[in-house]
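In: need a structure here:
(4 chains)
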There are 4 protein chains.
Amino acid sequence: MRVQHMTIKNGMKVKELVNEMGRAGVLGAGRVYKATKLLSEMFQDHEMNVFLSMAGPLVAGGMRNIISDLLKEGKIQALITSGANLTHDLLEAFGGGHYHDLQPGDVKVGHIKDIYTKTEDFEVFEEKILKILESITSTRRIFSIREFIHEIGKHIEDEDSIIKNATDNNIPIYAPGIIDSMIGLQLWMFTQENQLCLDAVADMHHLSDLVFESERIGAIILGGGVPKHYTLASTILRGGVDAAIQIIMDRSEAGSLSGAPLEEARTWAKAQADSKLVTVIGDATILFPLILAGAL
Amino acid sequence: MRVQHMTIKNGMKVKELVNEMGRAGVLGAGRVYKATKLLSEMFQDHEMNVFLSMAGPLVAGGMRNIISDLLKEGKIQALITSGANLTHDLLEAFGGGHYHDLQPGDVKVGHIKDIYTKTEDFEVFEEKILKILESITSTRRIFSIREFIHEIGKHIEDEDSIIKNATDNNIPIYAPGIIDSMIGLQLWMFTQENQLCLDAVADMHHLSDLVFESERIGAIILGGGVPKHYTLASTILRGGVDAAIQIIMDRSEAGSLSGAPLEEARTWAKAQADSKLVTVIGDATILFPLILAGAL
Amino acid sequence: MRVQHMTIKNGMKVKELVNEMGRAGVLGAGRVYKATKLLSEMFQDHEMNVFLSMAGPLVAGGMRNIISDLLKEGKIQALITSGANLTHDLLEAFGGGHYHDLQPGDVKVGHIKDIYTKTEDFEVFEEKILKILESITSTRRIFSIREFIHEIGKHIEDEDSIIKNATDNNIPIYAPGIIDSMIGLQLWMFTQENQLCLDAVADMHHLSDLVFESERIGAIILGGGVPKHYTLASTILRGGVDAAIQIIMDRSEAGSLSGAPLEEARTWAKAQADSKLVTVIGDATILFPLILAGAL
Amino acid sequence: MRVQHMTIKNGMKVKELVNEMGRAGVLGAGRVYKATKLLSEMFQDHEMNVFLSMAGPLVAGGMRNIISDLLKEGKIQALITSGANLTHDLLEAFGGGHYHDLQPGDVKVGHIKDIYTKTEDFEVFEEKILKILESITSTRRIFSIREFIHEIGKHIEDEDSIIKNATDNNIPIYAPGIIDSMIGLQLWMFTQENQLCLDAVADMHHLSDLVFESERIGAIILGGGVPKHYTLASTILRGGVDAAIQIIMDRSEAGSLSGAPLEEARTWAKAQADSKLVTVIGDATILFPLILAGAL
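Out: Alright, predicted model coming up:
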């Protein structure tokens, strides 16, 4: 089929723009269209459980409500993410924020590219998470990571919080690397004087049950790292996902899983032989909103 | 200012999506918003001449009509591009095409990533460009590259052709590396038995006149290479561009001009000290339609 | 200082090549020289504890002996890595391998870029790791991840094994994301009928003791992901590392920690204000052997 | 074949290091070995003409002597490069330099990543190139670009100059985009009051003669852009190169020729069906010296 040329019109809708990209059908534009179409199919397939994997500073980068809305609307059945994204969710749930332009007098602490954070927000974070840890551990000492996050969600009032929305809707959050975050740092300090064991293995039983009870599994993979691998590997005993889109910036040549094409997952039984797979190269804060707006 | 979180709604317009990205304001989403806002300002400033630089297979990739529309609507005052993009424009003007899915029986020739071409289209191209060369050189033997392309445009009937639209609207196309293309190959064969001198220096006088008569200059830079450098360098004698957006995939560490941040152009007087500059990292076939739809 | 031009000679030593790169002093060559010089200083500073972070398929990619030699020679005092690298180490310790060219008749299973694996090797892996798990848990049920890996090391005979060499030399291996690997899969299956709790938090106490007793800390960061972040974050309570080199392929624009410049770590107190930091962009299987050979 | 693990030894030679990479045989290390082996074969094949394509700031980045030595030793039979690299060669030939560390009092002008230049050096450049232009055009007004560069070479005394060494050894330099450089800017100013026509087409006849008289053709491609394409395309009428190594940083997904795998050249008859092709991803200032030192 011939590459048709896109036309851009004043006032056009996102769906129309994505359709224009589909008429072109090649390079990045073609991939955006294919990912949008596949995501739409995934959302419409009510026998498909959709796992969302999220690495990179997507919560700090303005995607918190997008994820919370997906949880509220029942569009995803599991969230796999990093301790950092959960930390950023809590930082905001406790009244703090992320900033692209600090005011004079603000004491800034670390930044992620052009996202700034404030010392006072982390102080509030530490105080509040400590109280939650005390409350959670008052009656129980051993948790799987998922259970631990679920418990935290019960103590959050912010209606936009990803953790709260996951807890309220009983959607599991898996964060196998949670220790590697500010939450992990607080856990370390807390466990110097208190007992708490986060069982790193336990969630795999819960996750495998979810995998086995799924008629079909789809994955939305934003960024790479542990969340990407854990999401794909969780399906290995049933022969892999049935459908997946990934939005990544890493490249494949050095062999990192983060940059690996989804097709490689087929060779590991992490994607079915006949699975539908679309990779789009680029920044997830641009591409996921675009693809999601086209798919809804 | 706080990072606000984007909300994605069913049926939303591209402008609304880009505004959501602006509320986030950071990472790629923030850059898309800033680029869109700056492009909108560039289009609205009627004393600003806008130069469009285009490298990479953007014509083959479905952006031919977008460029032609910008020419028709007077939104750009100069186009700087590669011989390849001009070749792809002519290939289609002569009835050929680019394909993402060849039919059984089609004899395919080279491909660019997932864009395929057909042998028969190139045969028609050769035949037609030869006739145009004969016609053009019947009364004249020395051309600047811009003049040469302008003359070609007089022989094209396809209303969607970039070259035709540039000629019809008297907008110059500069292609300093034109020889490095299928057009160049035809020129080589033609000049084995015919006289034709393409003067590589001559266009700089025309371009510098355009630069000096511009109250302000803005640049839209899609991809890198010679077109990017030529566009920026053309403004060096007036201290550089006043505004520019660039959409690039290359990275900066190895020092290639293609991957250089626009801020580096300031140190070479290729961008004014107070110029507005926005770089967005990603695939131009996705990002330019998105930004343009937001800016119109 | 002027960029001096490199000279390449027949039969030259790696040290001489790296010195030539230092004479140039800019772009990638300049970074290789600076990283080599800093690594050499790190190795010579006997009051500096050196942490090696390793993500990506470096063991499968031919760097197993390099890491084992660093452990044997006491050049690194801690290893932070992924479950995948430990799996690949065990796969070879149990007699299996990684292949760039399978023989006819070999039943291949998953591949990582151009590295292939064989089904039979994974079958042996499963059988052997199961026996080790049975042995380890015969007398104890709760382990930190580091303790668990240390115990595994006691059951390995292969003198080239990273895990064995770490155990033998009492050098801790931290693998906060160990669950996300074939080892994790075996742990899941084992714990369906056996009791074993891997405490995800416990290692932070051990690691923080190591950090606090270090006069100075240097980091060698190969690849990104959890190992990179965990390594840098482990030093946050003493204000960060004193020196670090990183070799990465990821880029920084989308905000991923994997692609972040080391300078960003300073804003999080993960690198001292006056720390020496060198980033080299590229493939670690090329650059680390080159830099190491220059630094020894 | 099994991935063997590299061993790094104190005092090892570059050849030994590259051989270790060959024992691993995968990922970047494997590619470096294959590229080294192929380059060595190309140099030893006395019926192969080797074309060197060079884009990006390699002269400014410290590779001037490496290129000059290849010219002196007859290892390359053609050089295809950018106007910028030629400008940087002349800047040094006229006594100027590139700097990684300016002294107090130096008036710096533009920089390329971490390479700085001085205003006074460009002033000398302008003065000297003007004299050369006057001399060259005193008896002749029309030149091909190659002839023009060859003439410049006659006026240079610096024994390290690439242009001088090319002229002295009668090795052609093709620079189809020469106008897009500081040399181009001087040509523009010179031709405001003087007659000089650089014929952009003429070199193709010379180049095609060279191509047709070559028993075999090999290409060393450093960076992308016009030089890469021109080099490969020059061989299209004989069915492409017989061997090529390329060292690039760009990625392929957006379809730019700069990031294209060499295998794509096969579909355009720019590389023979049975050609040997190796791509290494990374910074040419690191990788080319490494590969060259291994190949000599």
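In: Touching, A:K75 and A:S40? I think so.
Out: No. Under the criterion of CB atoms under 8 Å, A:K75 lies out of contact with A:S40, with a separation of 11.1 Å. Every C-beta, even on glycine, is put in place using the N, C-alpha and C of the backbone.
In: Work out which residue lies at the spatial centre of chain A.
Out: A:M54 (2.5 Å; CA atoms, centre = their mean).
In: Enumerate every residue touching the residue nearest to that residue when sequence neighbours are not counted.
Out: Nearest residue to A:M54, sequence neighbours excluded (CB to CB, 6 or more residues apart in numbering or on different chains): A:T81, at 4.4 Å. Neighbouring residues of A:T81 by CB atoms under 8 Å, 6 or more residues apart in numbering or on different chains: A:53-55, A:173-175, A:227.
In: among these, which are in strands?
Out: Under the assignment DSSP state E, these contribute A:53-54, A:173-174 to strands.
In: Using PDB, write out every CA atom in the top strand by length along chain A.
Out: In chain A, assigned by DSSP E, the strand with the most residues is strand A:271-281. What follows is strand A:271-281 as a C-alpha-only set of coordinates in PDB (Å, rounded to 0.1, in the frame of the first residue of the first chain):
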ATOM      1  CA  ALA A 271       5.300 -13.000  24.200                       C
ATOM      2  CA  GLN A 272       3.100 -15.500  22.300                       C
ATOM      3  CA  ALA A 273       4.300 -16.500  18.900                       C
ATOM      4  CA  ASP A 274       1.200 -14.800  17.400                       C
ATOM      5  CA  SER A 275       1.100 -11.900  19.700                       C
ATOM      6  CA  LYS A 276       0.600  -8.400  18.400                       C
ATOM      7  CA  LEU A 277       3.500  -6.200  19.400                       C
ATOM      8  CA  VAL A 278       4.200  -2.500  18.600                       C
ATOM      9  CA  THR A 279       7.200  -0.500  19.700                       C
ATOM     10  CA  VAL A 280       7.300   3.300  19.500                       C
ATOM     11  CA  ILE A 281      10.600   5.100  20.000                       C
END
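In: so how far is stretch A:31-41 from its chain's centroid?
Out: 18 Å (CA atoms, centre = their mean, to the nearest Å).
In: Quick one: mean pLDDT over stretch A:128-136.
Out: Average pLDDT, stretch A:128-136: 97.
In: swap in stretch A:28-39?
Out: Mean per-residue pLDDT for stretch A:28-39: 98.
In: Just confirm yes or no for that stretch near chain C.
Out: No. On the criterion CB under 8 Å from any CB of the partner chain, stretch A:28-39 is out of touch with chain C, staying 14.8 Å away.
In: Residue in the stretch 51-200 of chain A with the shortest distance to chain D?
Out: A:G56 (18.2 Å; CB to the nearest CB).
In: still on that earlier bit, now the helix or strand that the longest strand of chain A is followed by and strand A:271-281, what's the angle there?
Out: Following strand A:271-281 in sequence order, the next helix or strand is helix A:284-295 (DSSP states H and E). Angle between the axes of helix A:284-295 and strand A:271-281 is 110 degrees (criterion: axes from the mean of the first three to the mean of the last three CA atoms, to 10 degrees).
In: Buried ones in helix A:284-295, by neighbour count?
Out: Neighbour counts using 16 or more other CB atoms under 10 Å in any protein chain shown place A:284-295 of helix A:284-295 among the buried residues.
In: got the contact list for the lowest-mean-pLDDT helix or strand in chain A?
Out: In chain A, the helix or strand scored least confidently by mean pLDDT, DSSP states H and E is strand A:108-112, which has a mean of 87. Strand A:108-112 is contacted from outside by A:57, A:60, A:99, A:102, A:116-119, A:122, C:255, C:257, C:260, C:264, C:267-269, using CB under 8 Å, 6+ apart.
In: Describe which strands it pairs with in its sheet and in which direction.
Out: Sheet pairing here is set by DSSP bridges, and for strand A:108-112 it gives strand A:115-118 (antiparallel).
In: Just give me how far the strand it pairs with sits from the chain centre.
Out: On CA atoms, centre = their mean, the centre of strand A:115-118 falls 21 Å from that of its chain.
In: Next secondary structure after that strand?
Out: helix A:119-136.
In: Contacts made by that following helix with the rest, please.
Out: With CB under 8 Å, 6+ apart as the test, helix A:119-136 has contacts from A:87, A:90-91, A:94-97, A:107-109, A:143, A:148, A:151-152, A:155, A:182-183, A:186-187, A:190, A:194, A:196.
In: residue ranges for the helices of the stretch 51-200 of chain A, please.
Out: With DSSP state H, counting those that start in this stretch, the ranges of helices along the stretch 51-200 of chain A come out as A:64-72, A:83-93, A:119-136, A:145-153, A:162-168, A:182-190.
In: which one of those helices is the most hemmed in?
Out: Highest mean neighbour count among those (mean count of other CB atoms under 10 Å in any protein chain shown): helix A:83-93, with a mean of 25.
In: pLDDT below threshold where in the stretch 101-250 of chain A?
Out: Residues of the stretch 101-250 of chain A that meet the criterion pLDDT under 70 are absent altogether.
In: ok, and does the helix or strand encompassing A:R23 reach over to chain B?
Out: Assigned by DSSP H and E, A:R23 belongs to helix A:14-24. Yes. Residues of helix A:14-24 contacting chain B under CB under 8 Å from any CB: A:14-15, A:17, A:20-21, A:23-24.
In: from those, which are also near chain D?
Out: Near chain D, by the rule CB under 8 Å from any CB, you find none of the residues of helix A:14-24 next to chain B.
In: which residues touch whatever residue of the stretch 51-200 of chain A ends up closest to chain B?
Out: Residue of the stretch 51-200 of chain A nearest chain B, by CB to the nearest CB: A:G62 (2.6 Å). Shown in contact with A:G62 (CB under 8 Å, 6+ apart): A:285, B:3-6, B:21, B:23-27, B:29-30.
In: so who does A:H206 touch?
Out: Applying CB under 8 Å, 6+ apart to A:H206 gives the contacts A:144, A:146, A:172.
In: For the second one, give its distance to A:A273.
Out: Between A:R146 and A:A273 the distance, using CB to CB, to the nearest Å, works out to 30 Å.
In: Repeat that for the last one.
Out: With distances taken as CB to CB, A:P172 is found 27 Å from A:A273.
In: ok, back up a step: could I get the helices of the stretch 51-200 of chain A as TSV with distance to C:M48?
Out: Listed next are the helices of the stretch 51-200 of chain A as TSV, based on distance: least, CB to CB, whole Å:
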stretch	distance to C:M48
helix A:64-72	40
helix A:83-93	28
helix A:119-136	29
helix A:145-153	34
helix A:162-168	39
helix A:182-190	23
